[in-house]
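**Q** Turn this into a structure:
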Amino acid sequence: MPTFLTRTRTGLLASAVAAALAVTAAGPATAATPGTRPDVRFVAHLDITAGQRPENITLEPGGSAVVTFAYSRQVARISPEGTVRVLATLPEPPAGSTTPALTSPFLGGIVRAHDGTLYFLYATGSSDLTGLWRLRPGGTPQRIAALPADGLPNGLALDRHEDLLYIADSVLGTVWRVPVTGGTPTRWATGPALAATGFLGANGIKVHHGAVWVSNLDQGTVLRVPVTRQGKAGHVETRATGLVDIDDFAFTGHGDSLLAAINADNEIALVEPGGRHRVVLTGADGLENPTSLAVRGTTAYIASGAYFTNDDPNLLAARIAPRR
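**A** Now for the predicted structure:
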């Protein structure tokens, strides 16, 4: 989601009342600001003047989070105490390059493998840089798969069992698949359900229970695409609707309940397996255009890019009751 998006959206249209999100104190973290619930805590307030707008998040075993800063071309680690350390800065694109839909160069999804290797997506509108990148511990960033320069690789998911990466392209309405070793991407899934209808289509993406799940920002949907025995994409199933401006999402446990970041409305929605959803966190809790979520155990981490508020990009933590 870009800072310069000017179109407005209606609020979340909840179809029914769903079970509530249980939130308790999560720490360590800084104190909440006035007006927020005392059980929702800031892990870090980020520096907007330095371009620290977190777009996507992955978690490390020691309690740190690694994020992409969308428009500063940086990958950074945020410690449990809120300290920010830049791990890498991606090359500046050639003069005259224009990133589709966003104009500026864009760092999107990020995931972490068990060995500490980070994989992330970079879009520049130029064929020499757009694609899937890898950063090994102590190393330097390296592009391992080129993606179409006229697309916008946005969400990224790792299938740890098959050593495959799935990429949601928000402009081309496509899910790409690439081995963790890199190489030529495969156009794994495409179609109207993944397409944009005005701005961005396929956005967040996760591998969960034998399927690839994808959010569509324009269409306000959560989709499930089964992985067949042959590894191909099965029939696309719509699992939730009415989530206009949905960005990233994260499952809350072993079941199909998930938390969805509703970017423009400063909301987090709890979506039940049947598709019912309700808002469980808002701007009053410290959200500023939430872009992504990650869940570990009973703690949810929420990154806010402050794309529209232009105030306080941050990282929040809250304890949740895992759902089946």
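**Q** how about the strands in the stretch 1-150 of the chain?
**A** Residue ranges of the strands in the stretch 1-150 of the chain, as given by DSSP state E, counting those that start in this stretch, are 41-45, 54-59, 65-69, 74-78, 84-89, 106-112, 118-123, 131-135, 142-146.
**Q** Only alpha carbons, please: show the last one as PDB.
**A** What follows is strand 142-146 as a C-alpha-only set of coordinates in PDB (Å, rounded to 0.1, in the frame of the first residue of the first chain):
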ATOM      1  CA  GLN A 142      21.500 -11.400  -4.000                       C
ATOM      2  CA  ARG A 143      18.700 -11.700  -6.600                       C
ATOM      3  CA  ILE A 144      18.000 -15.400  -7.200                       C
ATOM      4  CA  ALA A 145      14.900 -15.200  -9.400                       C
ATOM      5  CA  ALA A 146      13.900 -12.500 -11.900                       C
END
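**Q** which residues touch the very next helix or strand once past that strand?
**A** Following the chain from strand 142-146 toward its C-terminal end, the next helix or strand by DSSP states H and E is strand 153-159. Strand 153-159 is contacted from outside by 56, 108-113, 119-123, 130-132, 147, 164-170, 176, 180, 200, 202-207, 212, 214-215, 248, using CB atoms under 8 Å, 6 or more residues apart in numbering. Heads up, the C-betas are built off the backbone N, CA and C, glycines and all.
**Q** Tell me the strands beside strand 153-159, with direction?
**A** When pairs are called by DSSP bridges, strand 153-159 turns out to pair with strand 164-169 (antiparallel).
**Q** From the chain's centroid, how far away is the partner strand?
**A** For strand 164-169, the separation from the chain centroid amounts to 12 Å (computed by CA atoms, centre = their mean, to the nearest Å).
**Q** can you check stretch 164-171 too?
**A** Between the mean C-alpha point of stretch 164-171 and the mean C-alpha point of its chain there is a distance of 11 Å (CA atoms, centre = their mean).
**Q** swap in stretch 52-68?
**A** For stretch 52-68, the distance to the chain centre is 11 Å (CA atoms, centre = their mean).
**Q** what's the first-to-last distance across it?
**A** With CA to CA, to the nearest Å applied, stretch 52-68 spans 9 Å between its terminal residues.
**Q** Would you mind listing the buried residues in that stretch?
**A** 52-58, 60, 64-68 (16 or more other CB atoms under 10 Å).
**Q** Tell me which two of those residues sit farthest apart.
**A** In the buried residues of stretch 52-68, two members sit farther apart than any others by CB to CB. They are 53 and 60, at 20.5 Å.
**Q** hmm, back to that, return the closest of the buried residues of stretch 52-68 with respect to residue 244.
**A** Distance to residue 244, by CB to CB, is smallest for residue 55 among the buried residues of stretch 52-68, at 19.3 Å.
**Q** Return the residues in contact with that closest one.
**A** Contacts of residue 55 were listed using CB under 8 Å, 6+ apart, and they are 67-70, 106-109, 291-292, 303, 305.
**Q** Give me the phi and psi angles of the residue nearest to it when sequence neighbours are not counted.
**A** Nearest non-adjacent residue to residue 55, counting by CB to CB, 6 or more residues apart in numbering: residue 70, 3.9 Å away. Backbone dihedrals for residue 70, given as degrees, to the nearest 10, come out at phi -50, psi -50.
**Q** so what pLDDT did residue 70 get?
**A** In this model, residue 70 is scored at 97, pLDDT.
**Q** Tabulate the strands of the stretch 1-150 of the chain (a markdown table), appending distance to residue 186.
**A** Formatted as a markdown table, these follow (distance: least, CB to CB, whole Å):
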| stretch | distance to residue 186 |
| --- | --- |
| strand 41-45 | 37 |
| strand 54-59 | 22 |
| strand 65-69 | 23 |
| strand 74-78 | 25 |
| strand 84-89 | 26 |
| strand 106-112 | 17 |
| strand 118-123 | 16 |
| strand 131-135 | 12 |
| strand 142-146 | 10 |
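**Q** Let me know which of those strands is the nearest to residue 286.
**A** Ranking the strands of the stretch 1-150 of the chain by proximity to residue 286 (CB to CB) places strand 41-45 first, at 6.2 Å.
**Q** what's the closest one packed up against?
**A** Using 3 or more CB pairs under 8 Å, 6 or more residues apart in numbering; DSSP states H and E as the contact test, the elements touching strand 41-45 are strand 314-319.
**Q** Let me know the average pLDDT across the strand it packs on.
**A** On average, the pLDDT along strand 314-319 is 93.
**Q** Give the buried residues for stretch 215-231.
**A** Taking 16+ other CB under 10 Å as the basis for neighbour counts, the residues of stretch 215-231 that come out buried are 215-225, 227.
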